[in-house]
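K.L.:
this one's sequence-less:
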């Protein structure tokens, strides 16, 4: 009997000592991962901010295929939320959303040891355009039971969370890539395009330098217009005076104006006029890198229909300004190929 009492006393001492030991261990944690994603921060932020995208890019369903997601009426911005059921039920609520910069979320996890409520945060910073530096982190405090469990189970909580974040950022990077690469091409048919006056620069350009030279030309035109208080009356456009099989071009980059402008001085900016034309029109929504395919389709349409090209040169109008629309998938370009009036 004395032996049992002594044994129980020793066990009690060990339990008390163990409890005191684990109770005095720091249970707070902060874990984060950072990734540079080749997409504008507005695109990456919008994906993370919308909970309905998480099922696609998040790593959780791969780890637990039984997961079922349930979405609230509001799924983006402050106050948005969603829940899930699976091997471990839980939910997420957005507590702060600073557009294209920072997001804070409160997570609820129904663990075997009770409910846990870690805080999740996201930071989005632009580096070299259009690269975004994304930081995904989590902070919280382990309970006494958590600390005992991790100590005796050998579970590496920090390491496992880090791996999960890395897998999630892999998925987020792929989701951003898919988003910015979306595009569509539509042949709109025959239309009348009203001409007008414009200011322009005409240059030749190698295929690989077209975008760079185009940017320089528009920069020079806009600077000239600013210096002379001239207001644009429409969106910029490019007239393709001549195109070569190797992709080289002779092009006129132009900005519409309301009236004829008398240009003087060595500014390399000229005044021009486009007449009203009958044209086959196509609309492309997406990155300018897809314009080659769009032009091929519209020219094939003209060939299939047996239309005859007019003397006026084909041109493309940049309906959206990339400065105001960071996502290339939102850029709209209209293509016009003048044809002779149909009999």
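P.N.:
Looks like it came in fine. Note that the structure is predicted; figures quoted are calculated from it, not measured.

K.L.:
do you know how far residue 125 is from residue 110?
P.N.:
According to C-beta to C-beta, to the nearest Å, residue 125 and residue 110 sit 34 Å apart. The way it works is simple: take the backbone N, C-alpha and C, and place the C-beta from them, glycine included.

K.L.:
please enumerate the strands of the stretch 151-300 of the chain.
P.N.:
Taking DSSP state E, counting those that start in this stretch, the strands of the stretch 151-300 of the chain run over residues 184-193, 196-205, 237-243, 249-257, 270-274, 277-285.

K.L.:
and residue 204, what are its bridge partners?
P.N.:
Beta-bridge partners for residue 204, by DSSP bridges, are residue 250.

K.L.:
show the contacting residues for it.
P.N.:
248, 249, 250, 251 (C-beta atoms under 8 Å, 6 or more residues apart in numbering).

K.L.:
are any of those buried, and if so which?
P.N.:
Buried by 16 or more other C-beta atoms under 10 Å: 248, 249, 251, out of the contacts of residue 204.

K.L.:
how about the nearest residue to the second one, chain neighbours excluded?
P.N.:
Taking C-beta to C-beta, 6 or more residues apart in numbering, and ignoring the residues beside it in sequence, residue 249 has residue 243 as its nearest neighbour in space, at 5.2 Å.

K.L.:
any idea how far that neighbour is from residue 251?
P.N.:
9 Å.

K.L.:
please identify the helix or strand for the residue nearest the centre of the chain.
P.N.:
When C-alpha atoms, centre = their mean is applied to the chain, the residue found nearest the centroid is residue 43 (2.2 Å). Element membership of residue 43, judged by DSSP states H and E, is helix 41-49.

K.L.:
just checking, what packs against that helix?
P.N.:
strand 102-111, strand 119-126, strand 131-141, helix 157-180 (3 or more C-beta pairs under 8 Å, 6 or more residues apart in numbering; DSSP states H and E).

K.L.:
I figured residue 79 hits residue 94, correct?
P.N.:
Yes - the criterion here is C-beta atoms under 8 Å, and residue 79 meets it with residue 94 at 6.5 Å.

K.L.:
more neighbours, the two?
P.N.:
Neighbour totals were compared for residue 79 and residue 94, and residue 94 leads with 22 against 13 (other C-beta atoms under 10 Å).

K.L.:
contacting residues around residue 45?
P.N.:
Neighbours of residue 45 in contact, by C-beta under 8 Å, 6+ apart: 99, 100, 101, 103, 122, 124.

K.L.:
buried ones among these?
P.N.:
Buried, going by 16+ other C-beta under 10 Å: 100, 103, 122, 124, out of these.

K.L.:
mind checking how far the last one is from residue 189?
P.N.:
Pointing back at residue 124 there. Relative to residue 189, and taking C-beta to C-beta, residue 124 is found at 41 Å.

K.L.:
and what of the second one?
P.N.:
Going from residue 103 to residue 189 by C-beta to C-beta gives 44 Å.

K.L.:
repeat for the first one
P.N.:
Noted for residue 100: a distance of 38 Å to residue 189, by C-beta to C-beta.

K.L.:
check the buried ones among the contacts of residue 45 and tell me the two furthest apart.
P.N.:
100 and 122 (11.0 Å; C-beta to C-beta).

K.L.:
my read is that residue 193 contacts residue 275, right?
P.N.:
No - Residue 193 lies out of contact with residue 275 (C-beta under 8 Å); the separation is 9.3 Å.

K.L.:
same drill for these two, tell me which one is more crowded.
P.N.:
It is residue 193, of residue 193 and residue 275, that has more neighbours when counted by other C-beta under 10 Å, with 18 against 11.

K.L.:
distance check, the more buried one against residue 331.
P.N.:
20 Å.

K.L.:
just residue 270 next, same as before
P.N.:
Residue 270 is 27 Å from residue 331, where distance means C-beta to C-beta.

K.L.:
who has more neighbours, those two?
P.N.:
residue 331 (20 against 15).

K.L.:
hmm, who's touching stretch 70-88?
P.N.:
49-52, 54, 60, 64, 66-69, 89-97, 109-111.

K.L.:
go with 6 Å
P.N.:
49-52, 64, 66-69, 90-94, 97 (C-beta atoms under 6 Å, 6 or more residues apart in numbering).

K.L.:
out of those, which end up buried?
P.N.:
Applying 16+ other C-beta under 10 Å to these flags 49, 51, 67, 69, 90, 91, 92, 93, 94, 97 as buried.

K.L.:
give the next helix or strand downstream of the worst-scoring helix or strand of the chain on mean pLDDT.
P.N.:
Least confident helix or strand of the chain, by mean pLDDT, DSSP states H and E, is helix 2-24 with a mean of 40. For helix 2-24, the succeeding helix or strand toward the C-terminus, using DSSP H and E, is strand 28-38.
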